[in-house]
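[1] coords below, sequence missing:
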């Protein structure tokens, strides 16, 4: 074939030459070219190898539905595989590489697959690679993936950045062709906020390649005038290079803007792609129509393209697809293409019309074959001729390109992404968008209005309807006078009978007519089955081009209407979207926010090692002096708390203040234990259940006033408890007069624990906090020396004499410093969450390691807390379920290692001594484990079947993950101070 | 031993000095007094009637019957008390001066910068001066208020303040932004 640049014409800037390379060969094009048009201008039509048979493939379209011309653009880490050459904007220095060929595009070893075709029919891998089963993952799939597949991505980190933005408008217009421009103009003049999105780099849609004159001028001149007006309207946003790929709930549209994909240099402060989420009151789908290929023998040979593509390359890009173009059509469009090509001086080998009778006339001097067809093509990697058939007479016609027109399909993808199914139109022989309501309305060719005049009228009218629906006066739009237009009708031709070689239905997936026949014969005739069986309609093009013919063929084979066959399901994305754009800026340190405790600076100054706890960074331990391992630090911190005192940051606990005359009743229903009689100035441990009777969260409830409470939650469940409370207040008991607010961030909170806690604390607190004045579980506001107000709670997680002091967050560091100074002579240390964890395990206190959602209060040894006398509380009813009260439920116990050097790990299973290590013999599990510096041995908290009856039993702790078995003795879960004498000291 | 406690700002040590303000500027307020007001059940209109901005403080919508009150006049210690006296038992008042951080984003691109993280329509017709809403900015909850055509206040929970400022810097990376503590 011999494609070439026409001497004149097109919307390219011939004074501006751009250098690019394809497979290492230097080529040149012009500004305004796509990569595809520039390749054609350089007579490079062979651009890829097909997926399965590695057949040579050329450019088929001039738009986003391109199945063949998928290339890798860029090099190194900036490499975009599967870029459609037909939409890739040419730029100076563009480096493109062909895909799916080895060692080279011209000579590809994989093409041997073509010779094996009879063994590689549809579904071949399901049949061939079935045995042995284990081979699928390890051998067959990797092999198939290497042999087939398209481009390869670069696995190093993406050097570029992306962005996600929100936009809002009254009207989103998808597509900037005649219908889109008319709609946008009417809406803009009527004062609506308008966004006009166009996937192409140039706005104008088909007006850029159309030759029918508007107001006596070339259509692009009209388009430019409209665009100038839109550009100058402050209420209009034009988004070229932006593909609207998805339609979501609440009329939110996803759109991908290619911000910096059309140049070799990348400006680092800008994203390369921007993902828009467009919230539109209304949207008009002016996405046009797609020309169908024809399914004839040898239709995949490079040089065969759609008629509209051949016309677009000639009219918009000034490129001839060949010197002698054969046109094969089933309707008027082929005649229009013939006229367009003839007008550009491009030779036409023949015009073959599948219809025996048609009113249209071929341009003068063009050989017209009515009632004819193409049954085969000749040539190698380039077309040299076709075999035409008319009434059984074969005719070999020399040509170097074929322009095929199989009729038109409205592009309705977006309108069918939310469950609506396309509707078959017998009149148009096409699927149309279903009525999906006023939010998204198709217009112009997307609505089956193929004539230019109808497109203008339809777009303008539908926009005017929207303007009026929004309560405004619609402005006028004077449609241009449209020159002579051909009748857009065609006679459906799903496949051309008598093919002498493979007739491809889906170019990208190498699905041909025979594959569909096989699918129907083997019982996969349903359109969704046929897709999976043949792979037709999969991969990057998702059947945009080929599906309609596949449906027509299936319908014909089954003897039904295409309406009955229906389409496969349309889903986002319309065209592929990079993962980078979907992630936006939420990568690296911005993947999730970090929460900082108000005592973070204090902890850092005291040498804390931090650990991620949800969004928080909590101080884990505070290494001192010669300590080399975390255990050394933690053991010292624990001993210091037990013997002297320690200070720990507990600011991350959730804190919620609850107000109102019904606050006590509200909390009484939320917690399983009674709270109505909690006196003012006192705190109580509280347990919340889920409706199913399992423990939801635990914390403390302090009554600061008759109708004023402060509750704490665990760090992890702070958000969950707050929304649980909102649900209870708004939905379950709206009649309760209660108000609440999270105050977690207002307070820096520190735990001061240890026998010397009181004396240290008293030195900075003005008020009397002696045991008599401030007994166990006291909770009230105190005044610190220096006239600072705080809240003090005498509660203990460690089992020691302990307080929690809360001060306004900004003062946290200063107060913690003051306490550390006051504690210095008493041997007080800072301790982290690791030591806190050891201290609470020693005391048998539970956390979410124990309260894992499968545990009832009784399982955790807290059954006595259940306020069974209360009328109701969340979880009460289902707590009596059979199974939740069974005697052999796993109950919280303590474990002591029999050997001091045998550590236990959380997650280990418990087995009876002598039982075979197997989950069949499972008796329970270890929930928390540590080395106890106090007992000088490894200890653990565990859940064991009927555990409370089994104290003293020797049991096997089986850690299958690490292959360790240890012996332990079952004991009461409170290892330290079981009679609580320290708390009340 | 002297007990003279100095308050630490959540963003102390995280914001470097700037040579000059850029076209768009994010000002971090050091000492804005803030309180949340929750209307007593059934007394929303009454509380709203008392809570009329008067130059001493500003009132921002924060939810049905809930307002965020800010003041540059009152000290953090006195704002809640002052509001408590005014509102009596019509509302509950909770001091949040230490629990939140107030930021002001000003500049010709302010709304465009925010659109990189906030889903709410910030067009002046939809979000006029005086409007406030609790919104998500990326993953972070923020009380957002428009204070002028080109200026927005963002009030964020203290523990998220550093992450929010980091996010806004990224949101504004192609919009010429400077960040500094407010001079007042």
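    It's in. Bear in mind that the values here come from a model prediction, so they are computed numbers and not experimental data.
[2] quick one: low-confidence parts of the chain?
    With no chain named, the answer covers chain A. Residues of chain A meeting the criterion pLDDT under 70: A:1, A:102-103, A:107-150.
[3] actually it's chain B I care about, not the one you picked
    B:1-2, B:184.
[4] Please parse it into its domains.
    In terms of domains, chain B is parsed into B:24-30+B:99-181, B:33-95 (source: automatic domain parsing).
[5] can you give me how far stretch A:5-17 is from the chain middle?
    41 Å (C-alpha atoms, centre = their mean, to the nearest Å).
[6] which other residues reach stretch A:678-685?
    Applying C-beta atoms under 8 Å, 6 or more residues apart in numbering or on different chains, the external contacts of stretch A:678-685 come out as A:664, A:673, A:675, A:698-706, A:777-780, A:793-795, A:865. For every residue, glycine as well, the C-beta is placed using N, CA and C.
[7] swap the cut-off to 7 Å and go again
    If you take C-beta atoms under 7 Å, 6 or more residues apart in numbering or on different chains as the criterion, stretch A:678-685 is touched by A:675, A:700-703, A:705-706, A:777-780, A:793, A:795.
[8] now it, how far from the centre of its chain.
    47 Å.
[9] centroid residue for the chain?
    Answering for chain A, as no chain was given. residue A:582 (6.1 Å; C-alpha atoms, centre = their mean).
[10] nope, chain B
    residue B:155 (2.9 Å).
[11] Spell out whether stretch B:92-106 and chain A are in contact.
    Yes. Shown here: stretch B:92-106 in contact with chain A (C-beta under 7 Å from any C-beta of the partner chain) through B:92, B:94-96, B:98-100.
[12] still on that earlier bit, show me the contacts for the residue nearest to the centre of chain B.
    Contacts for residue B:155 (C-beta under 7 Å, 6+ apart) come out as B:34, B:68, B:100, B:102, B:142-143.
[13] Can I get the buried ones among those residues as something I can paste into PyMOL?
    In PyMOL, a selection of the buried entries from these looks like this (16 or more other C-beta atoms under 10 Å in any protein chain shown):
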select buried, chain B and resi 34+68+100+102+142+143
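[14] Kindly indicate which of the contacts of residue B:155 lies nearest chain A.
    Among the contacts of residue B:155, residue B:100 lies closest to chain A (C-beta to the nearest C-beta), at 6.9 Å.
[15] Serialize the contacts of stretch A:678-685 to JSON lines and add fields for neighbour count, secondary structure and distance to residue A:480.
    Shown next, in JSON lines, are the contacts of stretch A:678-685 (neighbours: other C-beta atoms under 10 Å in any protein chain shown; DSSP: H, G, I helix; E, B strand; the rest coil; distance: C-beta to C-beta, whole Å):
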{"residue": "A:675", "neighbour count": "24", "secondary structure": "coil", "distance to residue A:480": "77"}
{"residue": "A:700", "neighbour count": "20", "secondary structure": "strand", "distance to residue A:480": "76"}
{"residue": "A:701", "neighbour count": "23", "secondary structure": "strand", "distance to residue A:480": "75"}
{"residue": "A:702", "neighbour count": "26", "secondary structure": "strand", "distance to residue A:480": "76"}
{"residue": "A:703", "neighbour count": "24", "secondary structure": "strand", "distance to residue A:480": "78"}
{"residue": "A:705", "neighbour count": "12", "secondary structure": "strand", "distance to residue A:480": "76"}
{"residue": "A:706", "neighbour count": "11", "secondary structure": "coil", "distance to residue A:480": "78"}
{"residue": "A:777", "neighbour count": "20", "secondary structure": "coil", "distance to residue A:480": "84"}
{"residue": "A:778", "neighbour count": "19", "secondary structure": "strand", "distance to residue A:480": "85"}
{"residue": "A:779", "neighbour count": "25", "secondary structure": "strand", "distance to residue A:480": "79"}
{"residue": "A:780", "neighbour count": "18", "secondary structure": "strand", "distance to residue A:480": "81"}
{"residue": "A:793", "neighbour count": "23", "secondary structure": "strand", "distance to residue A:480": "79"}
{"residue": "A:795", "neighbour count": "21", "secondary structure": "coil", "distance to residue A:480": "80"}
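[16] Out of these, which is nearest to chain B?
    Chain B has its nearest neighbour among the contacts of stretch A:678-685 in residue A:705, at 10.4 Å by C-beta to the nearest C-beta.
[17] if I look at the closest one, how far off is residue A:661?
    Distance, residue A:705 to residue A:661, using C-beta to C-beta, to the nearest Å: 11 Å.
[18] and if you look at residue A:839?
    Counting by C-beta to C-beta, the gap from residue A:839 to residue A:661 is 39 Å.
[19] And those two? Which one has more around it.
    Ranked by neighbour count (other C-beta atoms under 10 Å in any protein chain shown), residue A:839 and residue A:661 place residue A:839 first, with 32 against 15.
[20] which secondary structure elements does the helix or strand hosting the more buried one contact?
    Here residue A:839, judged by DSSP states H and E, is contained in helix A:833-843. If contacts are counted by 3 or more C-beta pairs under 7 Å, 6 or more residues apart in numbering or on different chains; DSSP states H and E, helix A:833-843 sits against strand A:616-622, helix A:630-643, strand A:924-932, strand A:937-945.
[21] ok now do residue A:59, which residues does it touch?
    A:36, A:40, A:45, A:47, A:68-69, A:85-86, A:305.
[22] Remind me which helix or strand the residue of chain A most remote from its centre belongs to.
    Relative to the mean C-alpha coordinate of chain A, counting by C-alpha atoms, centre = their mean, the farthest residue is residue A:772 (59.7 Å). Using DSSP H and E, residue A:772 is not contained in any helix or strand.
[23] That one and chain B, how far apart?
    For residue A:772, the distance to chain B equals 25 Å [C-beta to the nearest C-beta, to the nearest Å].
[24] And residue A:295, by the same measure?
    46 Å.
[25] Thought residue A:498 was touching that residue, still the case?
    No. With contact defined as C-beta atoms under 7 Å, residue A:295 does not reach residue A:498; the gap is 11.8 Å.
[26] neighbour count winner among those two?
    Neighbours were counted for residue A:295 and for residue A:498 using other C-beta under 10 Å; residue A:295 has more, 25 against 15.
[27] Quick check: closest non-adjacent residue to the residue of chain B found nearest chain A.
    Nearest to chain A, among the residues of chain B, is residue B:3, at 2.8 Å (C-beta to the nearest C-beta). Distance criterion C-beta to C-beta, 6 or more residues apart in numbering or on different chains; nearest residue to residue B:3, sequence neighbours excluded, is residue A:786 at 2.8 Å.
[28] Measure how buried the one you found is and give me the count.
    Neighbours of residue A:786 (other C-beta under 10 Å): 16.
[29] Can you tell me which of the domains of chain B is most buried?
    When the domains of chain B are scored by mean count of other C-beta atoms under 10 Å in any protein chain shown, the highest mean neighbour count falls to domain B:24-30+B:99-181 (a mean of 20).
[30] Quote the end-to-end distance of it.
    End-to-end distance for domain B:24-30+B:99-181, by C-alpha to C-alpha, to the nearest Å: 14 Å.
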